[in-house]
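Undergrad: give me a 3D structure for the following:
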Amino acid sequence: MTKPLNQCKILLVDDIRENINVLVQALKDDYKLGVALDGKTAIEFARKQKPDLILLDIMMPEMDGYEVARHLQSDPGTREIPFMFITAIDELENKTKGFEYGAVDYITKPFEIMEVKARVKTHLSLVTARQEIARQNKQMKHSLSLAMEVQQNLIPSCCPRLSGFDIAGKITYCDETGGDYFDYFPLHLPDNNALNRSKNENPDVPFPVHPVAPLGIAVGDVSDHGIPSALLMTTARAILRHRAGLPGNGVDILTDLNRQFVRDVRESGRFMTLFFCSLSGADRTISWVRAGHEPAMLFSPDSGQFELLTGKGAALGLSADTRFEEQQIRLTPGQVVLIYTDGITEAGNGTDEFFGKERIQSVIQAHAAEPAASILEALFERLNTFRGDKDLQDDLTAVIIKSV
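TA: Coordinates of the predicted model:
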């Protein structure tokens, strides 16, 4: 709530009591007032009382107004307090010097009372507006901090365990919150209701090793970033987790997710790309469906070659009639799959060069023999070294799936 002007405190600084009295009579009915007859007292008052505005004379003994201004501006506790010079010195050079010392206004004596009152009101209105903006910014930062905490709690805190696979994932947001997303969750088992129930009761615990346990993995990217994208990401996560526990293959799951997502985004123009895959510990197969997302990379150490896991399907939220396509392959021990968002390939450095896919591939090639978590850390370490001090422009997300 904006501070009322009649609650604002003004410090009047002048070594001549008659001048102080004139200002007191003009302002006492509208504001709270404080008085200082010398520079040293004025500085102490400002430090302890934190007035909203200071009316400061220049020609004072021992410490003139310029010196007072210098002290106020050099002290972090008082530098934000605005001050106006009220002085008999009317030369242009002195006025310029006053503004150079940080004054917000300069009034020459003799002055008109109505002019002083008008200028004081204007500057106090600006002060209270800035204070309200600062209060709202503080509240917004607190809200963003809470939103960040909530969103990060939705990201898997541990890696799933599945026979035949080593899996690791990581996300870095460019803002407090973002639209990138990755998740692991158990999929429906049509012929084992007991296992379905046990695995869905607490899907965030490490998954038990089971030869037929299907594991779902999703990596998504909501358009733009920040709070609106984070909210849509949370919505998509909830829908996908619920739908994954029901019967159906990857196409069925994404078709239902897309229809609901279209209703949620409506005419906002927002959309979400998604790479959804399921892993089978029984035969090391990976089945996947793409919804406008970057194709995953598959590296085969034996041949040293990379393949792309492609497939038809537009981004979620564009049309309720979008058709998706599911594909499947069987992995061999040592093969590495990387699912990622375009924030990684499009991360820039100081010369506006993109990180690109070749650097990703070189990291995977060099570290393919290591555990999935080590490959992932090597990728982010290389990316951070490449970026240097360049700020992130987009969220970074990657999941490594290694056949073991």
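
Undergrad: residue boundaries of the helices in this structure?
TA: Assigned by DSSP state H, the chain shows helices spanning 17-27, 39-49, 65-74, 92-100, 113-154, 193-201, 227-244, 250-265, 342-345, 356-367, 372-387.

Undergrad: quickly note the distance from the closest residue to residue 318 other than its chain neighbours to residue 250.
TA: Among residues not flanking residue 318 along the chain, residue 271 sits closest, at 5.5 Å (CB to CB, 6 or more residues apart in numbering). (Glycine included, C-beta is placed from N, CA and C.) Taking CB to CB, to the nearest Å as the measure, residue 271 falls 19 Å from residue 250.

Undergrad: still on that earlier bit, the residue nearest to residue 318 is in contact with residue 322, isn't it?
TA: No. Contact criterion CB atoms under 8 Å: residue 271 and residue 322 do not qualify, at 10.6 Å.

Undergrad: so those two - more neighbours on which side?
TA: Each of residue 271 and residue 322 has its neighbours counted (other CB atoms under 10 Å); residue 271 has more, 22 against 19.

Undergrad: report pLDDT for that one.
TA: Model confidence at residue 271, given as pLDDT, is 94.

Undergrad: so who does it touch?
TA: 222, 223, 265, 292, 315, 316, 317, 318 (CB atoms under 8 Å, 6 or more residues apart in numbering).

Undergrad: one more time with 7 Å
TA: 223, 265, 315, 316, 317, 318 (CB atoms under 7 Å, 6 or more residues apart in numbering).

Undergrad: I'd like these as CSV, with neighbour count, pLDDT and distance to residue 278 appended.
TA: As requested, these are exported to CSV (neighbours: other CB atoms under 10 Å; pLDDT from 0 to 100; distance: CB to CB, whole Å):
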residue, neighbour count, pLDDT, distance to residue 278
223, 17, 87, 25
265, 19, 87, 25
315, 22, 96, 20
316, 31, 95, 18
317, 28, 94, 22
318, 18, 93, 24
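
Undergrad: okay if I get those as a markdown table plus distance to residue 243?
TA: Formatted as a markdown table, the contacts of residue 271 follow (distance: CB to CB, whole Å):
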| residue | distance to residue 243 |
| --- | --- |
| 223 | 21 |
| 265 | 17 |
| 315 | 18 |
| 316 | 12 |
| 317 | 16 |
| 318 | 19 |
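
Undergrad: out of the helices and strands in this protein, which is least certain?
TA: The weakest-scoring helix or strand in the chain, judged by mean pLDDT, DSSP states H and E, is helix 193-201 (a mean of 45).

Undergrad: picking that back up, nearest to residue 231, of the contacts of residue 271?
TA: residue 265 (10.8 Å; CB to CB).

Undergrad: so that closest one makes contact with residue 319?
TA: No. In this structure residue 265 lies outside contact range of residue 319 using CB atoms under 7 Å: 11.2 Å.

Undergrad: which stretches of the stretch 201-350 of the chain have low pLDDT?
TA: For the stretch 201-350 of the chain, applying pLDDT under 70 flags the ranges 201-213, 225.

Undergrad: now swap in the stretch 51-200 of the chain and tell me
TA: Ranges of the stretch 51-200 of the chain meeting pLDDT under 70: 144, 147, 176-177, 189-200.
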